[in-house]
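**Q** Below is the sequence, then the predicted model.
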Amino acid sequence: MASGTMNRLLRLANAVERLIVRIGEAAAWLTFFMAVITCLVAVLRYGFNLGWIWLQETITWMHAAVFLLAAGYTLARDEHVRVDIFYRDLSPQRQALVNLCGGLIFLLPLSGCLVAGSLEYVQTSWLIRESSREAGGLIFPFPSLLKTLLPVTGALLGLQACVICVRSSALLLGRAGRTAAGGKFQAGN
């Protein structure tokens with residue numbers, strides 16, 4: 001592959017990863033709001049004997065949204081759970097080979113299955129204008145919005161898998177190296 005093409009792919013990969021990181025950072029703010037609403041629910045319930053199912057469900061839905069939207073971010077930051085008994089001792093080239101194979105064999109197909117497998121589920125939720133099963137729970141469109149995050153999560157994971165594959169390929173081709181800050185791959189000299 002020509003050096004110019006690889007450099008363009010690496011720049012695109014960096015841009016995609018910046019988007020994924022921004023989404024993850026935005027989703028992290030939901031944890032703050034979850035804490036505030038949890039405190040509010042406790043004060044209202046035990047201090048004023050008041051409570052609303054929809055307010056309690058909001059906490060659960062935000063919790064789910066954090067995990068769904070931050071999955072790509074976690075992968076981008078290499079913070080996912082990995083049993084790396086051997087991986088950490090491998091050379092950067094062998095790590096890149098493991099990452100490339102893992103992305104192509106496992107992560108991209110899993111992401112595709114998540115997107116494809118959730119589309120009908122999401123579509124049905126929107127068509128029936130789904131609301132909470134609980135009386136007084138969240139109303140349409142909130143349950144459907146949350147379910148929409150399933151294919152979004154698959155897409156974000158798939159995009160991050162592509163980023164990993166591009167960077168791993170560049171390293172294997174001798175066209176990239178890691179910088180000291182953040183482990184980002186940059187175009188080689």
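**A** Nice, I can see it. Residues are numbered from 1 along each chain as shown.
**Q** C-alpha only now, for contacts and for neighbours.
**A** Fine.
**Q** Report the next helix or strand after the one helix or strand A26 maps to in sequence order.
**A** If you go by DSSP states H and E, A26 is part of helix 3-42. Elements were assigned by DSSP H and E; along the chain past helix 3-42, the next helix or strand is helix 48.
**Q** and the next element down the chain from that following helix?
**A** Following helix 48 toward the C-terminus (DSSP H and E): helix 53-76.
**Q** and that following helix with helix 3-42, angle?
**A** Going by axes from the mean of the first three to the mean of the last three C-alpha atoms, to 10 degrees, helix 53-76 is angled at 150 degrees with respect to helix 3-42.
**Q** burial measure for the residue nearest to L114 when sequence neighbours are not counted, as a count.
**A** Spatially, and ignoring its direct neighbours in sequence, L114 is nearest to G154 (5.3 Å; C-alpha to C-alpha, 6 or more residues apart in numbering). G154 has 27 neighbouring residues, counting by other C-alpha atoms under 10 Å.
**Q** From G72, how far off is G154?
**A** 9 Å (C-alpha to C-alpha, to the nearest Å).
**Q** again with V122
**A** 20 Å.
**Q** Pick out whichever of these two has more residues nearby.
**A** Regarding V122 and G72, a neighbour count based on other C-alpha under 10 Å identifies G72 as having more, with 27 against 20.
**Q** Disregarding residues adjacent in the polypeptide, which is nearest to that one?
**A** Nearest residue to G72 in three dimensions, chain neighbours excluded: L157, at 4.9 Å (C-alpha to C-alpha, 6+ apart).
**Q** Pretty sure that neighbour sits against S111.
**A** Yes - using C-alpha atoms under 8 Å, L157 is in contact with S111, at 6.1 Å.
**Q** which of those two has more neighbours?
**A** L157 (29 against 23).
**Q** dump the residue contacts of L138.
**A** Taking C-alpha atoms under 8 Å, 6 or more residues apart in numbering as the contact definition, L138 lies against 53-54, 57-58, 131-132.
**Q** Need the buried ones from the residues you listed selected in ChimeraX.
**A** The buried residues among the contacts of L138 can be selected in ChimeraX (16 or more other C-alpha atoms under 10 Å) with this line:
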select :54,57,58,131,132
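**Q** Export the contacts of L138 to a markdown table and append columns for distance to S169.
**A** Shown next, in a markdown table, are the contacts of L138 (distance: C-alpha to C-alpha, whole Å):
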| residue | distance to S169 |
| --- | --- |
| I53 | 50 |
| W54 | 48 |
| E57 | 44 |
| T58 | 42 |
| S131 | 46 |
| S132 | 46 |
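**Q** Pick the one among the contacts of L138 closest to L149.
**A** Of all the contacts of L138, the one sitting nearest L149 is T58; the distance, using C-alpha to C-alpha, is 15.2 Å.
**Q** Check the gap between the closest one and G24 for me.
**A** T58 is 19 Å from G24, where distance means C-alpha to C-alpha.
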